[in-house]
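# Mind folding the following:
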Amino acid sequence: MTEPSERGIPVEKHLEATLELLVPSRLLRSDDKDESLDEDDSQHAAAEAFRQLSCIVTGRTQALSDAVVARIVYTCGAYSNPADAWVDVDAYRQAQVLLALLVDQMGARFIQQLAYRFGERILDTWIRPHFVRLHPAVNATSGRATLPGFRQMPTDFYDHQPWKTLAPECVRVLSWLLTICTELESDYTTCEQDVLDAMTAIAGKTITAAAATAARDAMLHRALPLILTVTDDYSAEWKLRGLHLLTTVIKHADVLRMRRTGLTEVVYEAIRGCVAYRGHEPAELALMEASLAAITVTQATLARTAVNEQQADERLEAALRDGPLTALRFDGNRRTAVIAACHASVPALQCLGLPSTKLLAPLVACITDWLPSAPSGVGMTSLDVHLAVLDLLDALVGSSQPRIPQYHGALLAALAGGWLRLNDADTGASDVLADKTKLRRRLRDTAQLLGRACVHCPHAAADRQALAALSNANTRFDDLLGSLTPPTPDIPALRTP
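A predicted model of the protein is given here:
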């Protein structure tokens, strides 16, 4: 390959021309046949462009300006995930090679040092300008909450913006930068002092653990208006990507700063809008699970204090009612919706502690509707649904012991109904037998957990005696009944719900 300097072309000019070949919108464009490439050619062109960049950068990094190096880092970040439409495996690997070469040529020991040095420039030059309309609840300059009450924008408010059309890679780069910046503190605090001194000389400014933490907090705070804009979009796919970014901010942001600037409430309301987003597509079901996880982290990290712990629990309960409970009640005929609702509810219930009767009663009603039905079809197609419902019941029993005894009879009847239907189902092939054995074991384990939780309740004892009498007439309940007999307590202190 002929060197650019030998052809009379300045190195940075040649770099800029090569970087233009890697703009994702150019690779994705298909309406202009004269300028566009087919999919195979475009992917090959991207990998070849990265190889050219590696050849140009070798031995010349110290002579490049910060603006050019930052552009290279931004381009590598745009190709940091092979799942994106403009990225193939070869281009992804070549981008990682170029980034490693850049780090090695600059003498940086950690790739995170690049984000420390160029993160703000990348955010201000190539990401923020593509967000024409920012989230109205946050001041783009100060990063403080601007509205006393949160309000979502019309569904087409964010349409026809560059971050969705002309520069689809900017959200990926933002995610990549945040991932790197959140590792700054752990990386620098484990460094020896001589390493920190060397990196200080490279970066041109002092790098300490405190400075790394400050850089991370500044990046998170400045990126929050952009992340809220993505989260507030009407598309489930964009909401899901925004939620993942928002969860990263919540886990690593300065809690006191978030509260002082009023952003805690804005973050909560943004996630709440995602919780109530209903649908049946994979991205929409994944959004429900991700939003419950995000709101759980929000209440546990940002909002839960001795002063407002009750408010945090009430908000988490409201999210459970608006999301999973609504899906269980109105989408109960869809297997995927039931599974997603159960999986989303389990960690939220574990974080919540003791749920109120307003939440507990409808959840028990949904569980008792599902358990008595028998798995059927090829390969026990509803086995995963029953296992997910049993996971939900286990979490509910574990978090609601003072109140669960009043529902003991209904839950025990549902478990017994599921046990009976399972035994009545056709034997089927060997894989079906294995699935039936797995579900039978889970029913026994859940029944045993329920018996331990209700050991002091007189109503539970009467329910077990009724099932024992039924078992005398039908031996199919024998195995289940054995798991329902808890040890007699030394002091039979009754616990009222």
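# so where is the stretch 301-450 of the chain shaky, pLDDT-wise?
Scanning the stretch 301-450 of the chain with the threshold set as pLDDT under 70 gives 302-308, 332-333, 374-382, 424-432.
# one more time with 90, if that's ok
Under the criterion pLDDT under 90, the flagged ranges of the stretch 301-450 of the chain are 301-341, 344, 347-362, 366-387, 397-450.
# Could you do the stretch 101-250 of the chain as well?
Scanning the stretch 101-250 of the chain for pLDDT under 90 picks out 101-121, 124, 131-168, 177-226, 228-229, 232-236, 247-250.
# ok, now with 50
Segments of the stretch 101-250 of the chain classed as low confidence (criterion: pLDDT under 50) are 187-192, 195-196, 202.
# What segments of it are helices?
In the stretch 101-250 of the chain, the segments counted as helices under DSSP state H, counting those that start in this stretch are 112-122, 169-181, 184-189, 193-203, 209-231, 236-252.
# how far is the fifth one from where the chain is centred?
Distance of helix 209-231 from its chain centroid, counting by Cα atoms, centre = their mean, to the nearest Å, is 18 Å.
# for that helix, packing partners?
Packing partners of helix 209-231 (3 or more Cβ pairs under 8 Å, 6 or more residues apart in numbering; DSSP states H and E): helix 112-122, helix 169-181, helix 184-189, helix 236-252, helix 263-275. Quick note: C-beta positions are derived from backbone N, CA and C, even for glycine.
# Give the rounded mean pLDDT of the host helix or strand of G77.
Taking DSSP states H and E as the definition, G77 sits inside helix 66-78. Mean pLDDT, helix 66-78: 89.
# roughly how far apart are the closest residue in space to V132 that isn't next to it in sequence and H130?
Leaving out its chain neighbours, the residue that sits closest to V132 by Cβ to Cβ, 6 or more residues apart in numbering is Q161, at 5.1 Å. Using Cβ to Cβ, to the nearest Å, Q161 is found at 7 Å from H130.
# Might one say that L21 is in contact with A49?
Yes. Contact status for L21 versus A49: in contact at 4.3 Å, counting by Cβ atoms under 8 Å.
# which one of these two has more residues nearby?
Taking neighbours as other Cβ atoms under 10 Å, L21 and A49 compare with A49 leading, 21 against 17.
# Which of the helices or strands spans the more buried one?
Element membership of A49, judged by DSSP H and E, is helix 39-57.
# just D391 next, same as before
Per DSSP H and E: D391 is located in helix 383-399.
# contact partners of that helix?
Outside helix 383-399, the residues that touch it by Cβ atoms under 8 Å, 6 or more residues apart in numbering are 335, 338-339, 342-343, 345-346, 349-350, 352-355, 360, 363-364, 367, 370-371, 375, 404, 411, 418, 435, 438-439, 442-443, 446, 449-450, 453.
# just stretch 137-147 next, same as before
Contacts of stretch 137-147 (Cβ under 8 Å, 6+ apart): 134, 136, 150-151, 221-222, 224-225, 228, 261-263, 265-266, 269-270.
# list the buried ones in stretch 334-341?
Buried residues in stretch 334-341, counted by 16 or more other Cβ atoms under 10 Å: 336-341.
# Tell me which of those residues fall in helices.
The helices in this structure, assigned by DSSP state H, contain 336-341 from the buried residues of stretch 334-341.
# ok, back up a step: and the residue nearest to V132, how far from R93?
In terms of Cβ to Cβ, Q161 sits 31 Å off from R93.
# sorry, back to before: chain center to the helix holding D391, what's the gap?
Counting by Cα atoms, centre = their mean, helix 383-399 comes out at 21 Å from the chain centroid.
# Could you give the number of residues near Q62?
8.
# Make residue 1 into 57 and carry on from there
Fine by me, first position is 57 from now on; the one you just mentioned is Q118.
# if I've got this straight, it is in a helix?
Yes. Counting by DSSP: H, G, I helix; E, B strand; the rest coil, one finds Q118 located in a helix.
# Can you name the residues that contact it?
Going by Cβ under 8 Å, 6+ apart, Q118 touches 161-162.
# A139 now?
No contacts exist for A139 under Cβ under 8 Å, 6+ apart.
# likewise L157?
L157 neighbours (Cβ under 8 Å, 6+ apart): 110, 113-114.
# any idea how far V145 is from it?
In this view, L157 and V145 are 19 Å apart by Cβ to Cβ.
# Kindly report the same for I306.
Distance check for I306 against V145: by Cβ to Cβ, it reads 32 Å.
# The two - which one has more neighbours?
A side-by-side neighbour count of I306 and V145, using other Cβ under 10 Å, places I306 first with 23 against 10.
# neighbours of T221, just the number please.
Around T221 there are 12 residues (other Cβ under 10 Å).
# separation between H464 and T382?
26 Å.
# So which of these two has more stuff around it?
H464 (22 against 18).
# Report the secondary structure state of that one.
Applying three-state DSSP: H464 is helix.
# Would you check that it makes contact with V511?
No. Contact criterion Cβ under 8 Å: H464 and V511 do not qualify, at 10.5 Å.
# So which of the helices and strands packed on helix 265-287 is nearest A73?
When those are compared for distance to A73 using Cβ to Cβ, the nearest one is helix 225-237, at 18.6 Å.
# now that closest one against helix 292-308, angle please.
Following axes from the mean of the first three to the mean of the last three Cα atoms, to 10 degrees, one obtains 20 degrees for the angle between helix 225-237 and helix 292-308.
# Touching helix 225-237 from outside, list them.
Helix 225-237 is contacted from outside by 80, 130, 133-134, 136-137, 140, 142, 167-168, 170-172, 175, 178-179, 182-183, 186, 218-219, 271-272, 275-276, 279, 282-283, 286, 294, 297, 300-301, 304-305, using Cβ under 8 Å, 6+ apart.
# Need the buried ones from the residues you listed selected in PyMOL.
Selection command for PyMOL covering only the buried members of these, criterion 16+ other Cβ under 10 Å:
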select buried, resi 80+130+133+134+136+140+142+167+168+170+171+172+175+178+179+182+183+186+219+271+272+275+276+279+282+283+286+294+297+300+301+304+305
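# And stretch 220-232, what's buried?
For stretch 220-232, a neighbour-count test (16+ other Cβ under 10 Å) marks 220, 223-232 as buried.
# nearest to L372, of the residues you listed?
Out of the buried residues of stretch 220-232, the member with the shortest distance to L372 (by Cβ to Cβ) is S231, at 26.1 Å.
# Spell out which residues make up each domain of the chain.
57-162, 430-553 (automatic domain parsing).
# neighbours around the residue lying closest to R371 once chain neighbours are set aside, how many?
Nearest non-adjacent residue to R371, counting by Cβ to Cβ, 6+ apart: Q355, 6.1 Å away. The tally of other residues near Q355 (other Cβ under 10 Å) stands at 26.
# again, but for A73
Counted by other Cβ under 10 Å, the residues lying close to A73 total 13.
# how close does the nearest residue to A123 once chain neighbours are set aside sit to L302?
Computed as Cβ to Cβ, 6+ apart, the closest residue to A123 that is not its neighbour in sequence is R177, at 7.3 Å. Per Cβ to Cβ, R177 is found 24 Å from L302.
# Give me the more crowded residue out of the two.
Applying other Cβ under 10 Å to R177 and L302 shows that L302 carries more neighbours, namely 25 against 16.
# That's all I had, so thanks and see you.
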